[in-house]
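K.L.:
Could you look at this predicted model? Sequence included:
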Amino acid sequence: MNLIDDHGRRIKKLRVSLTDKCNLRCHYCMPVNQTFMDDSNYLSPDEITEIVGELVGLGLEEVRLTGGEPLMRRGFSEIVDKLSGLGLKKLALTTNGIYLDKYLDVLKAARVFHLNISLDSLDEENFKKITFANHLKKVVANIKLAHEAGFIVRVNTVMMKGVNDHELFDFVDFANDVGVEVRFLELMRIGFACSDQKDQFLSASEMMKLLKTKMELKSVSSPHDSTSFNFLTSSGAQIGFIASESQPFCGQCSRWRLSADGILRACLLKDDGKKIQAMTSEKRMEMYRELLGMKPAMRPVEVSHHMNAIGG
Ligand code: SAM
Ligand code: SF4
């Protein structure tokens, strides 16, 4: 069996959510009073390893660990250590960066060199407004620490009208000063960001138009299934855009998602998936086959579940 879906797309990448819990409450991701799943529902480190190992045997190449906040998962070190022995081409992490300093050695030992670190504001008050917490200094310090330690760091910034768009140029300066790539994300219609926050939507082309008033953007090539399009600014900053709303990349999508409680989904924007926890390998193979027929060809309009529950 090959992981090729009904539309001829080969599934090469898996996002694995390790927990839905988080120490931030980014206003577009989850409400302040969010409730979380019980830890007893999590896939165990051995179950995660078994599932990923099985998928590697079917052609999976890359895993990105996410959440919620993956560094809040008890047993994180055991999980990365086990996954690092599966022969993946790439094992990566998406994190809010707050606990990153504590895990740099563990990540290095497991050869997890690609880190996406989320940061939506460089201003303390605004960071607090967006995330309902006070961790800006820590996140920035950890971005610098990881970069200096030789990790490949990308900063992910959700750019929102009237929220942080006045910081667009500050982020380009940040990319220049720190020497990391900054990728600007469009706000996605997922969870309550669907209706409550649609006025905050800022498209990648609007961001580019604003940037071009002050700098030149030179296009840089990226792999065909890349979610971002990338540029070098005239000042030498590396920036990129993820235009999931205005220019969806579903046609080239090569990704599945596994939630912390063992639901495998063919798409971030589909509620339905296959619960593959506590199954025999034979039964799981059946589930994979069914899932190959469940990946939409085009972008679903919006989805009601929250991002932290699926894994962004
Ligand atoms: N807690 C980690 C973090 O923030 O990097 C990992 C999980 S988080 C859900 C992954 C990414 O999804 C973050 O970069 C976050 O900004 C993004 N995200 C969450 N909700 C979003 C939304 N409605 N639109 C666009 N991006 C969103
Ligand atoms: Fe937490 Fe990441 Fe969601 Fe922010 S985007 S609340 S850091 S899971």
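P.N.:
Sure thing, it's come through. Ligands and ions are numbered 1, 2, ... in the order given.
K.L.:
who are the neighbours in contact with the closest residue to residue 253 other than its chain neighbours?
P.N.:
Beyond its immediate neighbours in the sequence, the residue positioned closest to residue 253 (C-beta to C-beta, 6 or more residues apart in numbering) is residue 9, lying 6.5 Å away. The C-beta positions use only the backbone N, C-alpha and C, and glycine is treated the same way. With contacts taken as C-beta atoms under 8 Å, 6 or more residues apart in numbering, residue 9 has the following neighbours: 251-254, 295.
K.L.:
Show me the two of those residues that sit farthest apart.
P.N.:
The widest separation within those, taken as C-beta to C-beta, falls between 252 and 295 and amounts to 11.9 Å.
K.L.:
Which of these two has more residues huddled nearby?
P.N.:
Neighbour count, other C-beta atoms under 10 Å: between residue 252 and residue 295, residue 295 has more, with 20 against 12.
K.L.:
ok so, going back, tabulate the contacts of residue 9 in CSV, adding columns for pLDDT.
P.N.:
Putting the contacts of residue 9 into CSV (pLDDT from 0 to 100) gives the following:
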residue, pLDDT
251, 72
252, 79
253, 83
254, 86
295, 74
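K.L.:
Now flag whichever of the residues you listed is closest to ligand 2.
P.N.:
The shortest gap between ligand 2 and any of the contacts of residue 9 belongs to residue 253, at 20.4 Å (C-beta to the nearest ligand atom).
K.L.:
Give the burial count for that closest one, as a bare number.
P.N.:
Residue 253 is surrounded by 22 other residues when neighbours are defined as other C-beta under 10 Å.
K.L.:
pretty sure it is touching residue 295, no?
P.N.:
Yes - in this structure, residue 253 is within contact of residue 295 by C-beta atoms under 8 Å, at 7.4 Å.
K.L.:
and for these two, which residues touch both?
P.N.:
Residues within reach of residue 253 and of residue 295 at once, by C-beta under 8 Å, 6+ apart, are 9, 267.
K.L.:
Quick check: residues of the chain near ligand 2?
P.N.:
Within reach of ligand 2 by C-beta under 6 Å from any ligand atom, the chain has these residues: 22, 24-26, 29-30, 67-69, 96, 118, 307-308.
K.L.:
Highest neighbour count among those residues?
P.N.:
Using other C-beta under 10 Å as the neighbour test, the residues of the chain next to ligand 2 are led by residue 68, with 30 neighbours.
K.L.:
looking at this, that residue is in a helix?
P.N.:
No - under DSSP: H, G, I helix; E, B strand; the rest coil, residue 68 falls outside any helix and is assigned coil.
K.L.:
And it, how far from residue 23?
P.N.:
For residue 68, the distance to residue 23 equals 9 Å [C-beta to C-beta, to the nearest Å].
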